[in-house]
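Peer 1: fold the stuff below for me.
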Amino acid sequence: MSKSMSLSSFDSTLKDYYPTPGTRIKQYVVDQRREDKWERETCPRFHIDVHDDNTGLSCRNAGAVPWTFMSHDCCNICCDLHEEKATDPEVLAWQEERAKRPPVCTDHDKLSDEIAPDLVFRANPVFKLMREP
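Peer 2: Below you'll find the predicted structure:
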C-alpha cells in the first residue's frame, strides 16, 4: 500500500484485493500476490524463542520466522534480530534474488486477465440450506 493513504484509497485498495466474483482482478494485485507467495516460500527463516513484545503480550513471532516478519515496530527483540540477520549471507543472497524479480505493476487501474473466482463458502451445504426457501 502507498505511504500516505486516505480512507477512500483504503476502500479502493480493499475492493481491488477482494473483487466480486466474476470480475477481472487488477494487475498490481496479481503481481503483489505473486511476490507475497514467492517471499513466503523463499525468505530465509530464523528461530526465535517464545517471548513478550513491547506491550507485554506474547509476540506473534516464535519458531521458524521469515526474516521479513521480524521487522515490526511492536517488538524490540524481533527488530534487533532483524537488524542482526540483515548481513547474514543467506539474507543477502535472498535480497539479491528478490531484486531481480519482475516489479509489481504501478498502474492501479490496469486490469489483468485473471477473473476473481466464485467464493468457496457459497458451495458450503450450510449456506445452500440457508438460501433455500
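Peer 1: which helix or strand contains the residue most central in space within the chain?
Peer 2: Nearest to the geometric centre of the chain sits residue 36, at 5.2 Å (Cα atoms, centre = their mean). Here residue 36, judged by DSSP states H and E, is contained in helix 27-42.
Peer 1: give me the buried positions along that helix.
Peer 2: Using 16 or more other Cβ atoms under 10 Å as the test for burial, helix 27-42 gives 27, 28, 29, 30, 31, 32, 39. In this view, the C-beta of every residue, glycine as well, is placed from N, C-alpha and C.
Peer 1: so which elements touch that helix?
Peer 2: If contacts are counted by 3 or more Cβ pairs under 8 Å, 6 or more residues apart in numbering; DSSP states H and E, helix 27-42 sits against helix 7-17, helix 89-99, strand 111-115.
Peer 1: dump the ones you listed to a markdown table, plus mean neighbour count, distance to residue 51 and mean pLDDT.
Peer 2: Putting the helices and strands packed on helix 27-42 into a markdown table (neighbours: other Cβ atoms under 10 Å; distance: least, Cβ to Cβ, whole Å; pLDDT from 0 to 100) gives the following:
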| stretch | mean neighbour count | distance to residue 51 | mean pLDDT |
| --- | --- | --- | --- |
| helix 7-17 | 12 | 32 | 85 |
| helix 89-99 | 12 | 21 | 98 |
| strand 111-115 | 12 | 40 | 96 |
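Peer 1: tell me the spacing between the closest residue to residue 47 other than its chain neighbours and residue 46.
Peer 2: Leaving aside its sequence neighbours, residue 47 sits nearest to residue 64 (Cβ to Cβ, 6 or more residues apart in numbering; 6.0 Å). Residue 64 sits 7 Å away from residue 46, going by Cβ to Cβ, to the nearest Å.
Peer 1: no further queries at this time; thank you.
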